[in-house]
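Participant: Structure of the sequence below:
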Amino acid sequence: MSTDAQGRIRSWTLEPSVPRFVPPPGAVDAHCHVFGPADRFPFSPLAKYHPQDAGPDMLFALRDRLGFARNVIVQASCHGTDNAATLDAIARSNGRARGVAVVDPAISAADLNALHAGGIRGIRFNFLKRLVDNAPKDKFLEVASRLPAGWHVVVYFEADILEEMRPFLAAIPVPIVIDHMGRPDVTQGPEGADMRAFRGLLDSRDDIWFKATCPDRLSPQGEPYDDFVAAVAPLVNDYQDRVLWGTDWPHPNMEHRIPDDGGLVDIIPRIAPTETLQHKLLVANPMRLYWPEELASGQSS
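Facilitator: Model prediction:
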């Protein structure tokens with residue numbers, strides 16, 4: 001584990017490999033984060049982890065190294081509800097990034113509109129107790145009911161609470177994206193209880209999307225993540241118009257199992273083996289959620 005003089009943790013590799021897989025033109029890394037720089041964007045007093053700086057310059061250098069065109073930057077929990085670091089990264093992207101914010105449910109309409117102007121297109125609700133202390137479902141539903149047009153809600157939870165989450169998810173009045181498939185036990189395989197339950201959730205609404213992400217988090221086997229591939233590839237195929245992919249860089253809290261980002265990209269053709277699937281996963285689907293105005297005008301790269 002690498003820490004700096006302030007005891008802050010690094011959870012990403014300094015020299016990721018260049019992937020063998022070449023993403024299609026216009027590919028979007030639809031789940032990544034920025035940390036700081038902390039001297040400009042301090043961490044929340046409620047933060048459960050304090051990472052080293054991983055700012056937009058690093059993110060965009062990785063984007064180019066991996067062969068991607070765009071990023072969707074998801075507000076990291078260490079920054080709480082102050083989205084300044086995420087907004088700064090979007091502003092520095094030359095139009096090649098959009099974002100997902102974390103907000104105080106009491107946020108005003110004016111502040112939501114300001115987030116929209118800054119490139120935010122959704123808000124995230126986090127139910128992982130190790131990352132957040134309070135997840136008030138009633139307040140989450142209230143703010144979800146007054147989001148700007150075209151926004152969605154990203155929800156992060158673990159498989160063991162899926163059943164208790166279902167009434168809440170059913171009540172969300174906008175499209176939903178589930179982070180990391182609700183963290184199923186991939187060792188159960190594609191027909192395991194967790195995947196069956198998650199398919200049931202996807203079948204309950206045709207506007208629930210998911211991210212086929214984080215083999216490094218979900219695979220007890222580790223590289224080459226065969227258990228993840230076996231469990232997830234059928235899901236990607238069966239729900240191919242509602243699936244996204246992302247690196248999860250800079251891999252919050254993964255300092256003990258730091259993944260190689262190039263190796264993560266090389267998982268893509270194993271879970272999406274055809275060019276048609278790869279284009280949906282990496283271009284068409286994220287563009288529909290995050291850059292719909294470009295699709296409408298015929299732009300896509």
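
Participant: Excluding its own residues, what touches stretch 271-288? List them.
Facilitator: Contacts with stretch 271-288, where a contact means CB atoms under 8 Å, 6 or more residues apart in numbering, come from 23-28, 30, 68, 70, 72, 209, 212, 229, 232-233, 236-237, 240-245, 268-269, 294-295, 300. Every C-beta, even on glycine, is put in place using the N, C-alpha and C of the backbone.

Participant: Quick one: buried ones out of those residues?
Facilitator: Buried subset of these (neighbour count, 16 or more other CB atoms under 10 Å): 23-24, 26-28, 30, 68, 70, 72, 209, 212, 229, 232-233, 236, 240, 242-245, 268-269.

Participant: Now go through the residues you listed and say which are in strands.
Facilitator: Per DSSP state E, strands hold the following members of the buried ones among the contacts of stretch 271-288: Val28, Ala30, Arg70, Val72, Trp209, Val243, Leu244.

Participant: Let me know the pLDDT of the second one.
Facilitator: I take that to be Ala30. Ala30 carries a pLDDT value of 99.

Participant: what's the distance between it and Thr213?
Facilitator: Computed with CB to CB, to the nearest Å, the distance linking Ala30 and Thr213 is 8 Å.

Participant: quick one: common contacting residues for these two?
Facilitator: Counting by CB under 8 Å, 6+ apart, the residues touching both Ala30 and Thr213 are Leu244, Trp245, Gly246.

Participant: just to revisit the earlier point, could you dump the ones in strands among the buried ones among the contacts of stretch 271-288 into JSON lines with distance to Gln6 added?
Facilitator: Formatted as JSON lines, these follow (distance: CB to CB, whole Å):
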{"residue": "Val28", "distance to Gln6": "33"}
{"residue": "Ala30", "distance to Gln6": "31"}
{"residue": "Arg70", "distance to Gln6": "32"}
{"residue": "Val72", "distance to Gln6": "29"}
{"residue": "Trp209", "distance to Gln6": "38"}
{"residue": "Val243", "distance to Gln6": "38"}
{"residue": "Leu244", "distance to Gln6": "34"}
